[in-house]
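>>> Give me a model of this one.
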Amino acid sequence: MNNTLNGTAAVGRLLIGILFLLSGLSKLGAAAATQGYIASVGLPAPLLAYLGAVVVEVGGSLLLIAGYRVRPVAAVMAVFTLMAAFFFHNNLADQNTMIHFMKNIAITGGLLQVVAYGAGSFSLDARRARREPEGSIQQPRALSA
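Reported below is the predicted structural model:
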């Protein structure tokens, strides 16, 4: 993969990651309101759902931006985004809600591209892969005293 494509992959991860990071931080700033919104759509355990959303959005975005374990992280974020579309943006008769639904579907598509193609060369995943010979089995490290 050439440097232009690698740079594009990194910018794509950054742009998707920023979206989730800002959303997660806004949830941290409005915990009660977010839990109320979760409860209003009929989801059980609003506190647990809120905590899960914050972990996925803040934690997942930081891992995605850094390019660490991006395939499983992007897969979790894709499922989360698809669930958000169906639970929170399901009144497709309303144009604004339809736009949010389609936005979530598009973001899911972008995340699935990350699942399919990985992080690219400008990532912690690529750095880790360069250090580990392909097909090698990691030997457990001894604990030092």
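>>> can you map out the helices along this protein?
Under the criterion DSSP state H, the chain contains helices at 3-29, 31-40, 46-54, 60-66, 70-88, 95-117, 124-131.
>>> Most tightly packed of these?
helix 60-66 (a mean of 21; mean count of other Cβ atoms under 10 Å). From N, CA and C alone the C-beta is placed, and that goes for glycine too.
>>> I'd guessed residue 56 sits against residue 75; true?
No - using Cβ atoms under 8 Å, residue 56 is not in contact with residue 75; the gap is 11.3 Å.
>>> shaky segments in the protein?
Low-confidence segments of the chain, defined by pLDDT under 70: 1-3, 133-145.
>>> Could I get the contacting residues of the residue nearest the centre of it?
Among the residues of the chain, the one closest to the centroid is residue 77, at 3.6 Å (Cα atoms, centre = their mean). Contact analysis of residue 77 by Cβ atoms under 8 Å, 6 or more residues apart in numbering lists 20, 56, 60, 64, 111.
>>> which of those residues lies closest to residue 38?
Ranked by distance to residue 38 (Cβ to Cβ), those are led by residue 56 at 13.3 Å.
>>> That closest one: how many residues sit nearby?
21 (other Cβ atoms under 10 Å).
>>> need the contact list for it.
Counting by Cβ under 8 Å, 6+ apart, the residues that residue 56 touches are 20, 24, 76-77, 80.
>>> Quickly check the residues you listed for the two that are furthest apart.
Farthest pair in the contacts of residue 56, by Cβ to Cβ: 24 and 76, 13.5 Å.
>>> before we move on, the earlier item: mind putting the contacts of residue 77 into a markdown table with distance to residue 36?
Putting these into a markdown table (distance: Cβ to Cβ, whole Å) gives the following:
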| residue | distance to residue 36 |
| --- | --- |
| 20 | 21 |
| 56 | 19 |
| 60 | 23 |
| 64 | 28 |
| 111 | 27 |
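>>> wait, isn't residue 85 in contact with residue 99?
No - Residue 85 is not in contact with residue 99 according to Cβ under 8 Å; the separation is 11.3 Å.
>>> quick one: residue 73 from residue 88, how far?
From residue 73 across to residue 88, the span is 21 Å (Cβ to Cβ, to the nearest Å).
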